[in-house]
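*Asks:* model the structure of this input:
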Amino acid sequence: MFAERLTTGPAAWLERSVLRFPAESRALGAGRSVIALAQASVLVFTPASHLFVPVGGTETGADCSTAVQAASLYCVAGSADRQLVSLLVLALLLVVASGILPRFTTVLHFWASFSLGQSVSLPDGGDAVAQVVTFFLVLACANDRRTWHWQRPGGEDRTGSPWQGLAWAGWWGVRLQVAYVYLNSALAKLPVGPWSEGSATYYVARMENFGAAGLFADLFRWATGITLVALLTTWGTVLAESVIALFLLRRGSRQVVAAVISGALHVLIIVQIGIVSFGFIMIGAVLCAASRGIDAYAPRLRGRLPRRLPPALAARSRP
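*Replies:* Numbering: from 1, shown residues only. Down below sits the predicted model:
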């Protein structure tokens, strides 16, 4: 009876889960690249003088008062020009985005994310999420021995590696953290009047410094002025965040659905009010969290696609 419990109980499930975990994942690599490119975009389009709030006509220095903060690249560089340090961080992020040696560049990615999150005077929510997610990615990629994370997973069995359990735990760390971010965001909106009443997007679109902007600004202001649209977009945001959180904790195609919803939600927010880097950091984080489901579902999706073009399309494609 005791032996039977070991083969069917939580310990057996945990062992199977660890052994089946794909330590080499192109979906996880794609998420890493999206996060790194989103962070790089901040450094490309924002000079260092704007990342550190000016005080009395001079830039403020990075806070290096604690041992943890002193590990930031901006503190390690000492009195070096912060623009040069930002260029170095940018270079690190571009190396990470290329996908080379994921087992080792995850450490560089975490260092770059940590440096931005701890030292920049005006961080946003994306910096905080990236800092935590890239820490867990160091663990999640511990058993990934590919040269590039765009390569297909290697054929050799890596389940016997002592790094396999660490990689599994790191991926679960990403999964739980990202699910918590979305669930916390959804629940935090419920007690707020405009969100519970369904009018939040109406007011957001009309905020002076954080409202609708760009090519579609007038369209969004007009659309959110329609009561039904305002209700659907406000409550739809809360529902979408809740579904993403729930589906990230499920398996298979539900994780794919979570990634699709996240992509649609953040692209819509980017088009409406901007915050580009934050949006793509969240999309990348969800791709990492849903990577196992995406890896499992993608081959099935390709198998369902027609292998031959319809006669009409085939005739058009001929020279």
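*Asks:* which helix or strand contains L176?
*Replies:* Here L176, judged by DSSP states H and E, is contained in helix 163-189.
*Asks:* show me what counts as buried in stretch 33-50.
*Replies:* Within stretch 33-50, the residues that count as buried by 16 or more other C-beta atoms under 10 Å are S33, V34, I35, A36, L37, A38, Q39, A40, S41, V42, L43, A48. Every C-beta, even on glycine, is put in place using the N, C-alpha and C of the backbone.
*Asks:* rounded mean pLDDT for that stretch, please.
*Replies:* Mean pLDDT, stretch 33-50: 91.
*Asks:* who touches it?
*Replies:* With contact meaning C-beta atoms under 8 Å, 6 or more residues apart in numbering, stretch 33-50 is reached by 51, 59, 81-83, 85-87, 89-90, 93-94, 96-99, 109, 112-113, 116, 122, 126-127, 130, 133-134, 149, 276-281, 283-285, 287-288.
*Asks:* does S72 touch F114 like I think?
*Replies:* Yes: at 6.4 Å, S72 counts as touching F114 under the criterion of C-beta atoms under 8 Å.
*Asks:* looking at those two, which one has more neighbours?
*Replies:* S72 (23 against 20; other C-beta atoms under 10 Å).
*Asks:* what is the three-state secondary structure of the most centrally placed residue in the chain?
*Replies:* Nearest to the mean C-alpha position of the chain, by C-alpha atoms, centre = their mean, lies A285 at 1.9 Å. Assigned with DSSP: H, G, I helix; E, B strand; the rest coil, A285 falls in the helix class.
*Asks:* quick one: contacts for it?
*Replies:* Contacts of A285 by C-beta under 8 Å, 6+ apart are G31, I35, V129, A130, V133, V174, V178, V181.
*Asks:* quick check: which ranges of the stretch 1-150 of the chain have low pLDDT?
*Replies:* Across the stretch 1-150 of the chain, the ranges flagged by pLDDT under 70 are 1-9, 54-61, 123.
*Asks:* how about the strands in it?
*Replies:* 54-55, 58-59 (DSSP state E, counting those that start in this stretch).
*Asks:* chain center to stretch 66-76, what's the gap?
*Replies:* A distance of 24 Å separates the centroid of the chain from that of stretch 66-76, by C-alpha atoms, centre = their mean, to the nearest Å.
*Asks:* just stretch 30-39 next, same as before
*Replies:* 7 Å.
*Asks:* what does stretch 249-261 give?
*Replies:* Remark: stretch 249-261 is offset 14 Å from the chain centroid, using C-alpha atoms, centre = their mean.
*Asks:* kindly export that stretch (C-alpha atoms) in CSV.
*Replies:* Only the C-alpha atoms of stretch 249-261 are listed here, as CSV (Å, rounded to 0.1, in the frame of the first residue of the first chain):
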residue,chain,number,x,y,z
LEU,A,249,-1.4,27.8,-13.9
ARG,A,250,-3.1,25.2,-16.2
ARG,A,251,-1.5,23.0,-18.8
GLY,A,252,-1.4,22.7,-22.6
SER,A,253,-3.5,24.8,-24.9
ARG,A,254,-4.7,27.0,-22.0
GLN,A,255,-1.2,28.4,-21.6
VAL,A,256,-1.3,29.2,-25.3
VAL,A,257,-4.6,31.0,-24.8
ALA,A,258,-3.1,33.0,-21.9
ALA,A,259,-0.2,34.1,-24.2
VAL,A,260,-2.6,35.1,-27.0
ILE,A,261,-4.8,37.1,-24.6
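*Asks:* state the mean pLDDT of it.
*Replies:* In this model, stretch 249-261 has an average pLDDT of 92.
*Asks:* pLDDT score for R318?
*Replies:* R318 is assigned 48 on the pLDDT scale.
*Asks:* please disregard the earlier target; I meant L215.
*Replies:* For L215, the predicted pLDDT is 78.
*Asks:* pull up the gap between it and G263, please.
*Replies:* Applying C-beta to C-beta, to the nearest Å, the value for L215 to G263 is 20 Å.
*Asks:* compare neighbour counts for the two and give me the winner.
*Replies:* More crowded of L215 and G263, by other C-beta under 10 Å: G263, with 17 against 7.
*Asks:* dump the residue contacts of that one.
*Replies:* Residues near G263 by C-beta under 8 Å, 6+ apart: I283, V286.
*Asks:* what helix or strand is it on?
*Replies:* Remark: G263 resides in helix 253-273, with elements defined by DSSP H and E.
*Asks:* that helix: how far from the chain's middle?
*Replies:* Taking mean C-alpha positions (C-alpha atoms, centre = their mean), helix 253-273 and its chain are 11 Å apart.
*Asks:* where do the helices sit along the stretch 101-250 of the chain?
*Replies:* 102-119, 125-140, 163-189, 193-197, 200-205, 217-224, 227-248 (DSSP state H, counting those that start in this stretch).
*Asks:* one step back: nearest to N209, of the buried residues of stretch 33-50?
*Replies:* For those, the closest approach to N209 (C-beta to C-beta) belongs to V42, at 18.3 Å.
*Asks:* that'll do, ta.
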